[in-house]
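K.L.:
Next come a sequence and a model predicted from it.
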Amino acid sequence: MIAIIFGSKGQDGYYLTNLLQAKKIEVIGISREDNIDMSNFHAVKKIIDRYKPDYVFHLAADSTTSHQALLKNHDVITTGSINILESVKTCSPSTKVFLSGSGLQFKNEGNPIKETDSFDISSAYSMSRNQSVIAARYYRTLGIKTYIGYFFNHDSPLRTERHMSQKIVSAVKRISLGGNEKIEIGDISVKKEWGFAGDIVNANWTLVQQDKYMEAVIGTGEAHSIQDWLEICFSLIGKNWKEYFLVKENFTAEYNTLVSDPSTILSLGWKPEISFQQLAQMMLNKS
C-alpha cells in the first residue's frame with residue numbers, strides 16, 4: 001500500500017508518517033521543501049498519477065488566521081484540495097482522500113462543536129477551509145471517497161514557539177536553568193484543547209477506514225485554559241508561574257473557548273491516550 005502526505009514535514013505529517021510506516025504502508029512525503037506548488041494542477045497530478053496511492057492526506061497549510069495569508073491559504077488549502085481531488089478522479093479514482101479541517105471553520109458560541117454544526121466565515125483561513133470542504137463534498141458525489149477531519153488544538157515537542165504551548169514550554173525550560181524572563185501573554189483565561197498530535201493522527205487513520213462516516217470533529221473534547229498550562233508547566237519545575245508572567249496590553253483574543261464534541265470519532269473506537277499533564281511532561285522532557 002502507498003500513501004502520499006502533502007505537508008509531510010509538519011508536526012502532523014511527522015506523526016502520521018510514523019503511524020503509516022508502522023503499518024507497513026509506503027509513505028511518499030511532499031513538503032514545501034520539495035518545491036511542489038500545490039496550486040499547480042499539473043504538478044499535483046503528476047505525483048498522483050505516478051504513484052496511484054491508496055491514500056492521500058492533505059495536511060499542508062499555514063495555520064494562521066491573518067488576512068495577510070489569504071492568498072497563500074487559498075493556494076494551498078482551497079486550490080490544493082481541488083487539485084488533489086481532480087487528480088485522483090482523473091488518475092486514481094479508488095484513492096481515499098483525507099483533507100484536514102479546523103474547528104475554526106464553525107460558528108463558535110463557546111459550546112462544544114460538532115461536525116454537523118454551521119460553518120462561519122470569521123477569517124481568511126476559515127474561508128479557505130470551508131471552500132475545501134465544499135469541494136470535497138462535490139467530489140464525493142462523483143464517487144471519490146473524501147474525508148474531512150476537523151482538527152482542534154493539538155501539540156507535541158515538535159511545535160514551534162509560534163504556538164502558545166511551545167512558547168510557554170521553551171520559557172519554562174530556560175527559567176528552570178536559571179533564567180528570569182517574563183512570559184508575555186494577552187489573555188490566560190482563553191480555553192482550548194491540548195491534545196497530543198500522535199493521538200490526533202490515529203484518529204485520522206480511524207476515519208479513513210470508514211465508509212459511512214466521511215467527516216468528523218477530531219479532538220479531545222476537553223478544554224483547559226492557558227493559565228492551566230502555565231500552572232502545570234511551572235509546577236513541573238517547582239516554581240510559581242505568577243512570578244514569571246506579564247500581561248500583554250491591548251490584546252483581543254479570537255475566542256474565549258474553542259472545544260470539540262468528538263462523539264462521532266469516539267463512537268468509531270478512537271480515544272486520546274495522552275492526557276493534559278502527560279503532554280506537558282512530554283514537552284518539558286519530564287518523566
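P.N.:
Arrived safely.
K.L.:
tell me the phi and psi of Glu215?
P.N.:
phi -140, psi 140 (degrees, to the nearest 10).
K.L.:
Report pLDDT for it.
P.N.:
pLDDT, Glu215: 97.
K.L.:
contacting residues for it?
P.N.:
Glu215 makes contact with 101, 115, 133, 147-150, according to CB atoms under 8 Å, 6 or more residues apart in numbering. C-beta here means a position set from N, CA and C on the backbone, and glycine is covered the same way.
K.L.:
Kindly present the residues you listed as a markdown table, with separate columns for secondary structure, neighbour count and pLDDT.
P.N.:
Shown next, in a markdown table, are the contacts of Glu215 (DSSP: H, G, I helix; E, B strand; the rest coil; neighbours: other CB atoms under 10 Å; pLDDT from 0 to 100):
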| residue | secondary structure | neighbour count | pLDDT |
| --- | --- | --- | --- |
| Gly101 | strand | 26 | 97 |
| Glu115 | coil | 24 | 97 |
| Val133 | helix | 20 | 97 |
| Tyr147 | strand | 23 | 98 |
| Ile148 | strand | 26 | 98 |
| Gly149 | strand | 27 | 98 |
| Tyr150 | strand | 25 | 98 |
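K.L.:
Nearest to Leu158 among these?
P.N.:
Nearest to Leu158 among these: Gly149, at 18.5 Å, using CB to CB.
K.L.:
for the closest one, which residues make a bridge with it?
P.N.:
Ser100, Ala216 (DSSP bridges).
K.L.:
shouldn't it be in contact with Val97?
P.N.:
No: under the criterion of CB atoms under 8 Å, Gly149 is not in contact with Val97, lying 11.6 Å apart.
K.L.:
So the protein: which segments form each domain?
P.N.:
Taking automatic domain parsing as the reference, the chain has its domains at 2-153+196-218, 154-192+222-259+274-283.
K.L.:
Tally up the residues packed near Arg129, please.
P.N.:
Neighbourhood size, Arg129 [other CB atoms under 10 Å]: 28.
K.L.:
Any regions of the stretch 101-250 of the chain where pLDDT drops low?
P.N.:
Along the stretch 101-250 of the chain, no part satisfies pLDDT under 70.
K.L.:
check contacts around the nearest residue to Asp211 once chain neighbours are set aside.
P.N.:
Leaving aside its sequence neighbours, Asp211 sits nearest to Lys145 (CB to CB, 6 or more residues apart in numbering; 7.9 Å). The contact partners of Lys145, by CB under 8 Å, 6+ apart, come to 95-97, 211, 214.
K.L.:
For Trp270, give its distance to Thr252.
P.N.:
Distance, Trp270 to Thr252, by CB to CB, to the nearest Å: 35 Å.
K.L.:
Settle it for me: which of these two has more neighbours?
P.N.:
Just comparing Trp270 and Thr252: by other CB under 10 Å the higher neighbour count belongs to Trp270, 20 against 6.
K.L.:
Gly219 against Ser263, yeah?
P.N.:
No: using CB under 8 Å as the test, Gly219 is too far from Ser263 to be in contact (10.7 Å).
K.L.:
who's more crowded, the two?
P.N.:
Using other CB under 10 Å, the more surrounded residue of Gly219 and Ser263 is Gly219, with 29 against 13.
K.L.:
ok, now how distant is the more buried one from Ala135?
P.N.:
23 Å.
K.L.:
do the same with His74
P.N.:
12 Å.
K.L.:
who's more crowded, the two?
P.N.:
Taking other CB under 10 Å, His74 and Ala135 do not tie; Ala135 has more neighbours (20 against 17).
K.L.:
As CSV, could you dump the C-alpha coordinates of stretch 26-34?
P.N.:
The C-alpha coordinates for stretch 26-34 follow below in CSV (Å, rounded to 0.1, in the frame of the first residue of the first chain):
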residue,chain,number,x,y,z
GLU,A,26,5.0,3.1,1.9
VAL,A,27,4.9,6.9,2.5
ILE,A,28,5.6,9.5,-0.2
GLY,A,29,6.2,12.7,1.7
ILE,A,30,5.7,16.0,-0.1
SER,A,31,6.5,19.3,1.6
ARG,A,32,7.3,22.9,0.6
GLU,A,33,11.0,22.0,0.6
ASP,A,34,10.3,19.8,-2.4
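K.L.:
Give me the contacts around it.
P.N.:
Contacts for stretch 26-34 (CB under 8 Å, 6+ apart): 1-10, 13, 17, 20-21, 36, 47, 51, 53, 60.
K.L.:
Hmm, Ser81 is touching Phe98, no?
P.N.:
No: under the criterion of CB under 8 Å, Ser81 makes no contact with Phe98, lying 10.6 Å away.
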